[in-house]
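A.B. asks: Would you be able to build a 3D model of this:
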Amino acid sequence: MLKRSSPIVFDACCVFNLIASGCFLKIITAIPIQIMIAQTVWEEELINFDRFEESDRLQLDKSVNNEIIQIVDFESESETDLFVNYVAILKDDGESASGAIAISRGWAIATDDKQATNLFRREKPNLEILSTPEILQYWAEKKKISDQDLKNVLKSVRVKGRYSPPREHPLANWWASITQN
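C.D. replies: Numbers count the residues shown, from 1 in each chain. Okay, here's the model as predicted:
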């Protein structure tokens, strides 16, 4: 994870999962690279998301207000065109906007959406694509999170975020070994 020092564009699914962890600010501040969220994701998926608890909303707002996370919009016609092309394929504005910005600018992307991941890998084979498990593993190792605390975080992501990695995910066994201990 974090092979380069370019910013990471987070899609809504990864933001939701990290918020569900109960450790959102701790996790994102452990990442030594600027985190970006596409304005489309911010406006259409995050601002009015009703599953957030008030404390979750405050953490997200604080991360944006303190520029831990920056909201970015399309900078060129080619980015907008890429977005439109991806929407036609993915049928999702958030993943399409995140992917268009990441690919156009040579940034990394964080998403758990399999269809989006497959499309972006075809479009740009060297694109760094991160997932919730990779981000959580990085955080746990960097901050030396205890197995019990990590287990609680992963269970929160599974229950509150309704996410666990698919069996074919490279870190599925890691995730399972932590949650089953």
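
A.B. asks: Kindly check the end-to-end length of stretch 23-34 for me.
C.D. replies: 18 Å (C-alpha to C-alpha, to the nearest Å).

A.B. asks: show me where this protein has strands.
C.D. replies: 8-10, 35-38, 69-72, 108-110, 129-130 (DSSP state E).

A.B. asks: CSV for these, including mean neighbour count?
C.D. replies: Every C-beta, even on glycine, is put in place using the N, C-alpha and C of the backbone. Formatted as CSV, the strands of the chain follow (neighbours: other C-beta atoms under 10 Å):
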stretch, mean neighbour count
strand 8-10, 26
strand 35-38, 26
strand 69-72, 18
strand 108-110, 26
strand 129-130, 20
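
A.B. asks: nearest to D92, of these?
C.D. replies: Proximity to D92 (C-beta to C-beta) singles out strand 35-38 among the strands of the chain, at 11.7 Å.

A.B. asks: neighbours of S21, just the number please.
C.D. replies: Around S21 there are 24 other residues, counting by other C-beta atoms under 10 Å.

A.B. asks: how about the helices in this structure?
C.D. replies: Secondary structure of the chain by DSSP state H: the helices cover 12-20, 24-30, 39-41, 54-65, 77-90, 93-105, 114-123, 132-142, 147-160, 172-179.

A.B. asks: Those into a markdown table, with extra columns for distance to I47?
C.D. replies: Below are the helices of the chain laid out as a markdown table (distance: least, C-beta to C-beta, whole Å):
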| stretch | distance to I47 |
| --- | --- |
| helix 12-20 | 11 |
| helix 24-30 | 16 |
| helix 39-41 | 10 |
| helix 54-65 | 9 |
| helix 77-90 | 19 |
| helix 93-105 | 12 |
| helix 114-123 | 21 |
| helix 132-142 | 21 |
| helix 147-160 | 19 |
| helix 172-179 | 30 |
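
A.B. asks: Mind telling me which of those the model trusts least?
C.D. replies: The minimum mean pLDDT among those belongs to helix 54-65 (a mean of 87).

A.B. asks: Report the buried residues of that one.
C.D. replies: Using 16 or more other C-beta atoms under 10 Å as the test for burial, helix 54-65 gives 56, 59-60, 63.

A.B. asks: ok, these vs I28, which is closest?
C.D. replies: S63 (6.1 Å).
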